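In: how does the following fold in three dimensions:
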Amino acid sequence: MPFAELGDVRLFFTDEGEGDPPILFVHGYSCDSHDWSWQLPHFVAGHRVIAADLRGHGRSSVTDGGYHPTQFAAVSRRCSTTWARRPSSRSVTRSGA
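Out: Predicted coordinates for the structure are as follows:
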């Protein structure tokens, strides 16, 4: 299982497919990367697709802090530039309002 050490958190992620632009799928609060299970096969056909569990969700580590939406966004940006190696990679987010 792939994990990435990003500062104080160990994040689980999947990385499948090839093609540009890469797409980073980020789940909403209290969910995990499995929420995208039905959509991933469609996008994997033509893109590199990365789906991550944010801190405290799914298989990622639980930390004492870092659960504010702005902190989740910062980690998402870091994942985008680290894994996709392109700051311009697209992020797809899903959360309730």
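In: alpha carbons of the longest helix anywhere in the chain, in PDB - could you do that?
Out: In the chain, taking DSSP state H as the definition, the longest helix is helix 69-83. These are the backbone C-alpha positions of helix 69-83, laid out as PDB (Å, rounded to 0.1, in the frame of the first residue of the first chain):
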ATOM      1  CA  PRO A  69     -10.300  23.200   6.200                       C
ATOM      2  CA  THR A  70      -7.400  25.600   5.400                       C
ATOM      3  CA  GLN A  71      -5.000  22.900   6.600                       C
ATOM      4  CA  PHE A  72      -6.700  20.200   4.500                       C
ATOM      5  CA  ALA A  73      -6.400  22.600   1.500                       C
ATOM      6  CA  ALA A  74      -2.700  23.100   2.200                       C
ATOM      7  CA  VAL A  75      -2.100  19.300   2.200                       C
ATOM      8  CA  SER A  76      -4.100  19.000  -1.000                       C
ATOM      9  CA  ARG A  77      -1.900  21.600  -2.700                       C
ATOM     10  CA  ARG A  78       1.200  19.800  -1.400                       C
ATOM     11  CA  CYS A  79      -0.100  16.500  -2.700                       C
ATOM     12  CA  SER A  80      -0.800  18.000  -6.000                       C
ATOM     13  CA  THR A  81       2.700  19.400  -6.500                       C
ATOM     14  CA  THR A  82       4.400  16.400  -4.900                       C
ATOM     15  CA  TRP A  83       2.600  13.500  -6.500                       C
END
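In: contacting residues around residue 36?
Out: 25, 27, 51 (C-beta atoms under 8 Å, 6 or more residues apart in numbering). (Glycine included, C-beta is placed from N, CA and C.)
In: of those residues, closest to residue 70?
Out: Among the contacts of residue 36, residue 27 lies closest to residue 70 (C-beta to C-beta), at 16.8 Å.
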